[in-house]
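Undergrad: Need the 3D shape of this:
(one chain, ligands or ions: 2)
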Amino acid sequence: MGRLQKILIPFLGLVLAFWFYSMLKGKRVIVTGASTGIGEEMAYHLARMGSHILITARTETKLQKVNGKLSTHTCVFMADMAFAEHVVKEAQTSLGGLDMLILNHVGTSYFGYFDGDVGHIRKLLEINFLSYVAMTVSALPMLKESEGSIVVVSSMAGKVGFPFTVPYSATKFALDGFFSSLRQEFHIQNINVSITLCILGFIDTDRALHAAADVLLVPPAPRTECALEILKGGALRRRELYYRYGSTRLPLLLRDCAAELLDRLVRSRYRLDRIGTGQRRHPSAGN
Ligand SMILES: NC(=O)C1=CN([C@@H]2O[C@H](COP(=O)(O)OP(=O)(O)OC[C@H]3O[C@@H](n4cnc5c(N)ncnc54)[C@H](OP(=O)(O)O)[C@@H]3O)[C@@H](O)[C@H]2O)C=CC1
Ligand SMILES: CC(C)CCC[C@@H](C)[C@H]1CC[C@H]2[C@@H]3C(=O)C=C4C[C@@H](O)CC[C@]4(C)[C@H]3CC[C@]12C
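TA: Ligands and ions are numbered 1, 2, ... in the order given. Down below sits the predicted model:
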């Protein structure tokens, strides 16, 4: 029995991995914000799976570095999100259509007390929310044709109020409202385009570690595994994806039955003495 288990479980794991990899083989995928972090890792996974991908970001040098590690099937296009529609048109020209739109990019914000800067919130909404809407609108004809998928990378901070991420959190909550409502309309209209909202906890990307690692008493999860889980969620047309499952799903259950207890638990996971009252802008701040 023990021997059978030792053979059977890895074998089943291999079969599942193979099946999942073959699901994205040959698919035409856009990944936004793929020059660093989780987006970069998704691009590498997709290249290994044999997908045809188009990646975006603003910084040409970083994007070229990623492109250099990808297969020849890959097409790169750089754009600020003001060119959202243009990126989607590029998919039509270079990929001949689209099966999956992965909206992942995120503008720079600060990790600290809300500073009252309304202009910053407006700018961040433009990058983190409105450009997602614009790209979805432009991509929809192609996605309807392929009966494809939209994958929206959001956060626990788009479901629960965490301190020190006020502008960021506002943009992520907006994504839930827009895409959850749109999903309902797709069902009513028999539009076979799936929408997967990804609810992520703390992930070990350079930017997140730099901003929050010394303040949070929460261990970050690995970005490579996170990227793979997002792709799995999208390929399986899941409604929502939670990563890591336990540390995101359980707090959300608590939110619905004991919100104040969750708020208190959340506050206890921060080293408040390390926050200060000044801004903690990221090195690449410019938004
Ligand atoms: N890391 C974490 O702890 C968590 C992350 N998430 C979510 O995961 C996603 C990826 O995060 P992460 O990998 O950490 O982020 P990174 O900062 O590593 O990557 C962000 C990407 O977005 C691009 N980008 C930044 N500003 C713009 C802009 N104005 N227009 C277009 N592209 C832009 C960046 O490239 P460039 O600057 O060259 O444009 C980069 O490719 C985000 O949606 C984030 O909210 C959710 C929960 C936790
Ligand atoms: C205590 C718990 C129940 C769970 C706690 C999880 C908390 C700590 C997690 C959930 C979502 C996370 C933030 C996030 O989504 C994205 C970013 C952007 C990045 O550039 C800087 C870090 C930051 C602010 C993360 C900080 C840590 C957060 C609040």
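Undergrad: which SS class is residue 29?
TA: Of the three states, residue 29 takes strand under DSSP: H, G, I helix; E, B strand; the rest coil.
Undergrad: who's in contact with the residue nearest to it when sequence neighbours are not counted?
TA: Using CB to CB, 6 or more residues apart in numbering and skipping residues adjacent in sequence, the residue nearest residue 29 is residue 100, 4.4 Å away. Backbone N, C-alpha and C define where each C-beta goes, glycine included. For residue 100, the contact set (CB atoms under 8 Å, 6 or more residues apart in numbering) comprises 24, 27-30, 148-151, 234-235.
Undergrad: Recalculate using a threshold of 10 Å.
TA: 24, 27-31, 46, 51, 53, 139, 143, 146, 148-151, 194, 196, 231, 234-235 (CB atoms under 10 Å, 6 or more residues apart in numbering).
Undergrad: Lowest average confidence across helices and strands of this structure, where is it?
TA: Least confident helix or strand of the chain, by mean pLDDT, DSSP states H and E, is strand 75-76 with a mean of 64.
Undergrad: What values do phi and psi take at the residue nearest to residue 29?
TA: Recorded main-chain torsions at residue 100 are phi -150, psi 130, according to degrees, to the nearest 10.
Undergrad: Residue 106 too?
TA: The phi/psi pair for residue 106 (degrees, to the nearest 10) is phi -150, psi 140.
Undergrad: so how far is residue 212 from the closest residue to it other than its chain neighbours?
TA: Nearest residue to residue 106, sequence neighbours excluded (CB to CB, 6+ apart): residue 128, at 5.6 Å. Applying CB to CB, to the nearest Å, the value for residue 128 to residue 212 is 17 Å.
Undergrad: And for residue 242?
TA: Taking CB to CB, one finds residue 242 at 20 Å from residue 212.
Undergrad: likewise residue 57?
TA: From residue 57 to residue 212 the distance is 22 Å (CB to CB).
Undergrad: residues in contact with whatever residue of the stretch 1-150 of the chain ends up closest to ligand 1?
TA: Here the stretch 1-150 of the chain gets closest to ligand 1 at one residue, residue 37, 2.2 Å apart by CB to the nearest ligand atom. Residues in contact with residue 37 (CB under 10 Å, 6+ apart) are 104-106, 203-208, 223, 226-227.
Undergrad: filter the residues you listed down to the ones near ligand 2?
TA: Among these, the residues within reach of ligand 2 (CB under 6 Å from any ligand atom) are 207-208.
Undergrad: Now do the helices in the chain.
TA: 2-24, 37-49, 60-68, 84-95, 118-125, 131-146, 166-188, 206-212, 223-235, 245-257, 259-267 (DSSP state H).
Undergrad: so for the shortest one, what's the average pLDDT?
TA: Summarised as a single mean, pLDDT over helix 206-212 is 97.
Undergrad: helices and strands around that helix, which ones?
TA: helix 37-49 (3 or more CB pairs under 10 Å, 6 or more residues apart in numbering; DSSP states H and E).
Undergrad: What are the buried residues along the helix it packs on?
TA: 37-47, 49 (16 or more other CB atoms under 10 Å).
Undergrad: And stretch 115-129, by the same measure?
TA: Buried, per 16+ other CB under 10 Å, within stretch 115-129: 120-121, 123-129.
Undergrad: one step back: please list only the buried members of the contacts of residue 37.
TA: Using 16+ other CB under 10 Å, the buried ones in the contacts of residue 37 are 104-106, 203-205, 208, 223, 226-227.
Undergrad: near ligand 2, which residues of the stretch 51-200 of the chain show up?
TA: 111, 155-157, 162, 165, 168.
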